[in-house]
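Q: here is a sequence with its predicted model. Questions after.
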Amino acid sequence: MKPKSASRRSGQFIVSTLSGAFLLLVATITQADVVRTQTIQLRQGWNSIFLEVSPTNSDPATALGQLPVGIVAAYYALETPVEFIKDPASIGWKKEGWAVWYAPSRPDGFLSTLHALHGNKAYLIHAEQDCTWNIAGTVLLEPIRWKGNSFNLLGFGLDPQAPPTFAKFFAASKAHQQLRAYQLVSDRWQLIQNPVGTLMKAGEAYWIFSQGSSDHQGPLTVSLDMGRSVLLRDNGGAANISLKNASTDPVAISVEQLSGPQSLPLAYLVRGFSSNQVSQLSVDLPARLQLPVQEALSGTALKLELRGERMTEAQQSCLLKISTDAGTQIWIPVIGSRTDLEATP
């Protein structure tokens, strides 16, 4: 049995190693320039937004630029559950789990406790007038994490043009059958009275109560072999993107490849037959791939390979946009590395 000090040192080493690996992954993604631009319409007054990208410069003042925004607040869940919610104007920012950024021009600017903006995070933003925020940033796949028996301030990956209703999005979730969801309207939280007839909005965050624990991700659950992005090397194997229809209806899924200045040559594996034997064939991934319709509660996997011989740089990247006819939209960064073009010391 290890002494406690040795166990503690071992644990610290593991945490340090994992932290280093995560930082390396983030650095790799940033270098690969896997960036998309999210557009958010801000109304005068309070806005509840869901930031899907991590701004290229995370400093709030830089990320917001010249926008007429005076306050940005982020909620960090406490150990105790949130049993009721308050309108933004009545929140005690200093003691209720909130981190807040105040514009430097404000007299209370020096009281800021929020120093960075991150993707896959909900924020309350107070705008002095209507404006449009075009924010460029990196993308990572991040699962929704629910706190049980509590309100959660969350946003979701939704199709801006054809989002689902609240009822459709939560239809298969046991923790949300008696849906209690609040939407910010004219600076006040309003209960969604008609989930069947109310559309959700991309880029918007809501207070939603989870009755017990939940891992609900919406009609489609997407997961990767490991990490929050797909990393491929020319001397490695295939990477799996697992797709599960978590709804009670059939779901059509499409995968669109969006490339930057240096496109990433990819292939996907399909089942084939050769000499009366089942085999896997490697087929070039098209710009848009329509997958077979997935029946209720069924799953499939998209197996990706790198066409390393077609790469012209040591590292190239792309974004995959996974869309469903259920109104959801999920983005995944894919980074490919070609060994023989990597710089040697």
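A: Yes, it's here.
Q: buried residues of stretch 290-307, list them for me.
A: The neighbour-count check on stretch 290-307 (16 or more other C-beta atoms under 10 Å) flags 291, 294, 302-307 as buried. Heads up, the C-betas are built off the backbone N, CA and C, glycines and all.
Q: so which of the residues you listed is the closest to Arg180?
A: Of all the buried residues of stretch 290-307, Arg180 sits closest to Gln294, with 29.2 Å by C-beta to C-beta.
Q: and the residue nearest to that closest one when sequence neighbours are not counted, what are its bridge partners?
A: Leaving out its chain neighbours, the residue that sits closest to Gln294 by C-beta to C-beta, 6 or more residues apart in numbering is Asn245, at 4.1 Å. Going by DSSP bridges, Asn245 is paired in beta bridges with Leu220.
Q: what sits against Asn245?
A: By C-beta atoms under 8 Å, 6 or more residues apart in numbering, Asn245 lies in contact with 219-220, 251, 294-299.
Q: go on, Ser259?
A: 318-319.
Q: can you show me the CA trace of stretch 131-142 as PDB?
A: Extracted in PDB, the C-alpha atoms of stretch 131-142 (Å, rounded to 0.1, in the frame of the first residue of the first chain):
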ATOM      1  CA  CYS A 131     -26.200  45.400 -31.900                       C
ATOM      2  CA  THR A 132     -24.700  42.400 -33.700                       C
ATOM      3  CA  TRP A 133     -21.800  40.400 -32.300                       C
ATOM      4  CA  ASN A 134     -19.800  38.500 -34.900                       C
ATOM      5  CA  ILE A 135     -17.300  36.500 -32.900                       C
ATOM      6  CA  ALA A 136     -14.600  34.300 -34.400                       C
ATOM      7  CA  GLY A 137     -13.300  31.400 -32.300                       C
ATOM      8  CA  THR A 138     -12.200  27.800 -32.000                       C
ATOM      9  CA  VAL A 139     -14.600  24.900 -31.700                       C
ATOM     10  CA  LEU A 140     -14.500  21.900 -29.400                       C
ATOM     11  CA  LEU A 141     -17.200  19.200 -28.900                       C
ATOM     12  CA  GLU A 142     -18.400  19.600 -25.300                       C
END
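Q: okay, now the domains of the chain?
A: 35-210, 220-337 (automatic domain parsing).
Q: just flag whichever of those has the lowest average confidence.
A: With a mean of 90, domain 220-337 has the lowest mean pLDDT of the domains of the chain.
Q: do me a favour and get the end-to-end distance for it?
A: End-to-end distance of domain 220-337 (C-alpha to C-alpha, to the nearest Å): 29 Å.
Q: 658 is where my numbering starts, stick with that
A: Got it, the first residue is 658 from now on, which makes the last one we talked about domain 877-994.
Q: out of the domains of the chain, flag the one nearest Ala1000.
A: domain 877-994 (7.0 Å).
Q: where along the chain do the helices fall?
A: 661-689, 717-721, 823-826 (DSSP state H).
Q: mean pLDDT for these: which is lowest?
A: The stretch with the lowest mean pLDDT among the helices of the chain is helix 661-689, at a mean of 38.
Q: the nearest residue to Glu966 once chain neighbours are set aside: what's it in contact with?
A: Closest residue in space to Glu966, ignoring its immediate chain neighbours: Asp891 at 7.3 Å, by C-beta to C-beta, 6+ apart. Going by C-beta under 8 Å, 6+ apart, Asp891 touches 963, 965-966, 968, 993-997.
Q: so what's the nearest residue to Tyr732 once chain neighbours are set aside up against?
A: In space, and not counting its chain neighbours, Tyr732 is closest to Leu810: 5.0 Å by C-beta to C-beta, 6+ apart. Counting by C-beta under 8 Å, 6+ apart, Leu810 makes contact with 705, 732, 779, 862-864.
Q: what's the most distant pair in the residues you listed?
A: Taking C-beta to C-beta, no two of the contacts of Leu810 sit farther apart than Tyr732 and Tyr863, at 12.4 Å.
Q: closest to Asp872 among the buried residues of stretch 947-964?
A: Asp872 has its nearest neighbour among the buried residues of stretch 947-964 in Gln951, at 18.5 Å by C-beta to C-beta.
Q: having no further points to raise, I will conclude here.
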